[in-house]
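> Fold the stuff below for me.
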Amino acid sequence: GDGSVRLWETATRTCIAVLAEHSHPVWSCSFHHTGNFLLTCSMDGTTKLWDVNTLRCRQTFRGHTDSVNCVVFQNKSNNFITGGADGLVLLWNAKKGLLIRTFRAHSHPVNHVTFNRTGDLIASVDTSGAAIVWETNTGTPIMRTTLEGGSANRSCFD
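You can find the predicted model right below:
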């Protein structure tokens, strides 16, 4: 974990770029549906928006007070969500550079977040095994369960 992200050309198996502005290990990344932008999140507490065409960082998002563990773009949208070691799930707009909503219900570090296909629901899981489904527009948790056996590492919708 040197804080960098490498972009690879799979056809030639060569590294075509190194994005190196994070100061700590990068935990997750997500491409925008156009393929022109990449989000990265890091143990340094930031999320960065990269322009894949210019290989420049367009914006640094700060809202978590600890490591940002996961990031994902909403399908066909400029919105994205992050989950952090501070137990928060944050909804952002990449184009405007704004924090839209803070989701508070986790009392442990969030390991993973995701949108459903239509983007009206968010699922998040944490290190205690808590799984929460939220309404995107209101931030209201509509379902909560705790999985037996400890940490939950991945969430998804069918």
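
> Now do the same contact list for residue 154.
By Cβ atoms under 8 Å, 6 or more residues apart in numbering, residue 154 lies in contact with 111, 112, 125. Where C-beta positions appear, they are placed from N, C-alpha and C, glycine not excepted.

> let's see it at 10 Å
By Cβ atoms under 10 Å, 6 or more residues apart in numbering, the residues touching residue 154 are 70, 111, 112, 114, 123, 125.

> Can you tell me the closest non-neighbouring residue to the fifth one?
What sits nearest to residue 123 in space, not counting adjacent residues and going by Cβ to Cβ, 6 or more residues apart in numbering, is residue 155, at 4.0 Å.

> confidence score at the one you found?
Residue 155 is assigned 93 on the pLDDT scale.

> Kindly provide the distance from it to residue 99.
Here residue 155 is placed at a distance of 21 Å from residue 99 (Cβ to Cβ, to the nearest Å).

> re earlier: the residue nearest to residue 123 is in contact with residue 129, isn't it?
No: the criterion here is Cβ atoms under 10 Å, and residue 155 misses it with residue 129 at 11.7 Å.

> for the residue nearest to residue 42 when sequence neighbours are not counted, phi and psi?
Excluding the flanking residues, the one nearest residue 42 by Cβ to Cβ, 6+ apart is residue 22, at 4.0 Å. For residue 22, the backbone dihedrals are phi -80, psi 150 (criterion: degrees, to the nearest 10).

> Then residue 60?
According to degrees, to the nearest 10, residue 60 has phi -110, psi 130.

> Quick check, it in contact with residue 39.
No: using Cβ under 10 Å, residue 60 is not in contact with residue 39; the gap is 11.0 Å.

> which neighbours do the two share?
The contact lists of residue 60 and residue 39 share 47, 48, 49, where a contact means Cβ under 10 Å, 6+ apart.

> For the most centrally placed residue in the chain, which residues are in contact?
For the chain, residue 71 is the residue whose C-alpha lies nearest the centre (Cα atoms, centre = their mean; 0.9 Å). By Cβ under 10 Å, 6+ apart, the contact set of residue 71 is 26-30, 38-42, 47-49, 61, 80-84, 90, 92, 113.
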